[in-house]
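Student: got a predicted model here, sequence first, then my questions.
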Amino acid sequence: MRSTWALLAGLTAVYGLPTIETYGNKFYDSNGKQFFIKGMSYQLRPNDPLIDSEQCARDVKLMEELGVNTIRVYHVDPKANHDGCMDVFDKAGIYVTLDMDTFPTFIKPYNSYWNTTQFEMYSAVMDTFIKYDNLMALYVGNEIIAKSDQSLSAPFIKAAVRDMKAYRDRKGYRKVPVGYTAADIAELRPMLQDYLTCGGNSSETVDFFGLNAYEWCTPNTYEASGYPVLQEMAEQFPVPIFFSETGCITGPEPRKWEDMDAIFSQPMVDDWSGAMVYEWIFEQNQYGIVSYGEPAELGVETGDVHDGFTRKGTPTPRQPDFDNLKTRWASITLSGTPKSEYDPSAVSTRACPTSTKGGWEVDGNVRLPALDETYAGSFTPSPTATSEPTAEEDEEDGAPARGALGVSALLIVVSSMVAMVWM
Ligand SMILES: *[C@@H]1O[C@H](CO)[C@@H](O)[C@H](O)[C@H]1NC(C)=O
Ligand SMILES: *[C@@H]1O[C@H](CO)[C@@H](O)[C@H](O)[C@H]1NC(C)=O
């Protein structure tokens, strides 16, 4: 078995999917073709799902049928062997994106710190997965800022980005994109996405920005959803931006995924790189589109049953959501802009946002925390702060007001459901 996997791993390195990098505000594969995400959150259990290659093989068939080209995994164990699953996904044309943090290592929203223990754990994930050509992107965190009063942790997110990109480059690894996936908090838009990309030093800014957005619930239209506001804030964004979670549910109404048509057509398709649907497995939070059997009794924790749901076996699509998404995705053909025809100088660097009382609390381009630094009550204005770049003044300031409360409230519900399931 060992030699078979070694051989497969060897083949992956040679014949794997073309690797993905960012260029301007788009993702490109190594053949110069623009890449758009048709993605799926895939976390069958609290811990690493990428160590069960038989299960990955069962799931991948259905993912292929659905039209998935990327998965998102929130927790992995860098010490485990992932050759089997990564190969199964690679052969199916599916890229993998991963959080480098896990339960004990994520950056805290209050009294934030970024330290050597976290850095070493993040590095171990990068070391383990960089050999797979279908590793598409790495996240330094997910929804660290989940409430409107948590923006002071943003410089720590940026410090983690700085150190992980420096580590990647120091090790001579390919430039796997390193970024962050944000909760959709109306009060902090667009400040967070601007802050993570501002300052004019690409060694310190995210390679991409992911937004977990649950604004579009069936039935809806582009105009009635909050998407026009998101679109305005993403226009000519300096790095790729995409929906790193989407798929609002409201009671029993099946999802029709109309938002996919909006995301993959003009004007959004010019600025967004696709979307990840939340999520694969049907569990307590009821977002999943695949089941592994009837719900079990809550509190029963045996083998493959956790938190009331079986997490292994033959996946059965939940209808009509599964077929609705399959049909929707199948109807969307994307060509994109070939790299040779794309001018990345058209993107606009944003100004570092200034602080506002009760809103965004980081004032301008502050000095980033060093490794092993803990938040000490304030930030020092950066001595090397570059002057504000060419950003147009934010015409967005008043815009997020529409539906702001509803969105935040929903988000907190979603976040706490995720927290309840996984913590
Ligand atoms: C990093 O912080 C965590 C949590 O406080 C702590 O357990 C760990 O020892 C720290 N690591 C270092 C190197 O200080
Ligand atoms: C850019 O950031 C890196 C990492 O913080 C730093 O080492 C470098 O000096 C910065 N470059 C400039 C021109 O400030």
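Tutor: Sure thing, it's come through. Ligands and ions are numbered 1, 2, ... in the order given.
Student: residue 54: how many residues sit nearby?
Tutor: Residues lying near residue 54 (other Cβ atoms under 10 Å) number 11. All C-beta spots, glycine's among them, are computed from the backbone N, C-alpha and C.
Student: so it belongs to a helix, correct?
Tutor: Yes: residue state for residue 54 (DSSP: H, G, I helix; E, B strand; the rest coil) corresponds to a helix.
Student: who are the contact partners of it?
Tutor: residue 84 (Cβ atoms under 8 Å, 6 or more residues apart in numbering).
Student: can you give me the pLDDT of it?
Tutor: As predicted, residue 54 sits at a pLDDT of 98.
Student: quick one: it and residue 313, what's the gap?
Tutor: Residue 54 sits 10 Å away from residue 313, going by Cβ to Cβ, to the nearest Å.
Student: just residue 40 next, same as before
Tutor: 18 Å.
Student: comparing those two, which residue is more hemmed in?
Tutor: Set residue 40 next to residue 313 and count neighbours by other Cβ under 10 Å: residue 40 wins out with 25 against 12.
Student: just give the nearest non-adjacent residue to residue 135, would you?
Tutor: Nearest residue to residue 135, sequence neighbours excluded (Cβ to Cβ, 6 or more residues apart in numbering): residue 129, at 4.7 Å.
Student: ok, now residue 21?
Tutor: By the measure of Cβ to Cβ, 6+ apart, the closest residue to residue 21 outside its immediate chain neighbours is residue 175, 5.3 Å from it.
Student: give the contact list for that neighbour.
Tutor: When contacts are counted by Cβ under 8 Å, 6+ apart, residue 175 touches 21, 22, 168, 169, 207.
Student: and the residues you listed, which of them are in strands?
Tutor: Within those, residues falling in strands by DSSP state E are 21, 22.
Student: and the contacts of residue 175, which is closest to ligand 1?
Tutor: residue 168 (20.8 Å; Cβ to the nearest ligand atom).
Student: tell me the confidence at the closest one?
Tutor: 98.
Student: residue 318 now?
Tutor: Looking at residue 318, its pLDDT reads 97.
Student: where does the closest residue to it other than its chain neighbours land on pLDDT?
Tutor: Excluding the flanking residues, the one nearest residue 318 by Cβ to Cβ, 6+ apart is residue 289, at 5.2 Å. If you check residue 289, the pLDDT there is 97.
Student: distance of residue 289 from residue 280?
Tutor: From residue 289 to residue 280 the distance is 7 Å (Cβ to Cβ).
Student: and stretch 130-140, end to end?
Tutor: Stretch 130-140 has its terminal residues 15 Å apart, counting by Cα to Cα, to the nearest Å.
Student: buried set for it?
Tutor: Of all the residues in stretch 130-140, those buried under the rule 16 or more other Cβ atoms under 10 Å are 132, 133, 134, 135, 136, 137, 138, 139, 140.
Student: how about stretch 54-70?
Tutor: The neighbour-count check on stretch 54-70 (16+ other Cβ under 10 Å) flags 55-60, 62-63, 66-70 as buried.
Student: and those, which of them are in strands?
Tutor: Per DSSP E, the subset of those in strands is residue 70.
Student: ok, and which of the buried residues of stretch 54-70 reach ligand 1?
Tutor: When Cβ under 6 Å from any ligand atom is applied, no member of the buried residues of stretch 54-70 is adjacent to ligand 1.
Student: just put the buried residues of stretch 54-70 in JSON lines and tack on distance to residue 369.
Tutor: Shown next, in JSON lines, are the buried residues of stretch 54-70 (distance: Cβ to Cβ, whole Å):
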{"residue": "55", "distance to residue 369": "40"}
{"residue": "56", "distance to residue 369": "38"}
{"residue": "57", "distance to residue 369": "43"}
{"residue": "58", "distance to residue 369": "44"}
{"residue": "59", "distance to residue 369": "39"}
{"residue": "60", "distance to residue 369": "40"}
{"residue": "62", "distance to residue 369": "43"}
{"residue": "63", "distance to residue 369": "39"}
{"residue": "66", "distance to residue 369": "41"}
{"residue": "67", "distance to residue 369": "41"}
{"residue": "68", "distance to residue 369": "37"}
{"residue": "69", "distance to residue 369": "36"}
{"residue": "70", "distance to residue 369": "31"}
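Student: ok, the buried residues of stretch 54-70 vs residue 297, which is closest?
Tutor: Comparing the buried residues of stretch 54-70 against residue 297 with Cβ to Cβ places residue 55 closest, at 22.5 Å.
Student: counting by contacts, list what the helix or strand where residue 244 lies packs against.
Tutor: Taking DSSP states H and E as the definition, residue 244 sits inside strand 241-246. Counting contacts by 3 or more Cβ pairs under 8 Å, 6 or more residues apart in numbering; DSSP states H and E, strand 241-246 packs against strand 178-183, strand 209-212, strand 272-277.
Student: among the ones you listed, show me which one is buried the most.
Tutor: Each of the helices and strands packed on strand 241-246 was assessed for mean neighbour count using mean count of other Cβ atoms under 10 Å. The highest is strand 178-183, with a mean of 26.
Student: for ligand 1, see how far away the nearest residue to residue 95 once chain neighbours are set aside is.
Tutor: The shortest distance from residue 95 to any non-neighbouring residue, by Cβ to Cβ, 6+ apart, is to residue 136 (3.7 Å). For residue 136, the distance to ligand 1 (Cβ to the nearest ligand atom, to the nearest Å) stands at 29 Å.
Student: also residue 180?
Tutor: Applying Cβ to the nearest ligand atom to residue 180 and ligand 1 gives a distance of 20 Å.
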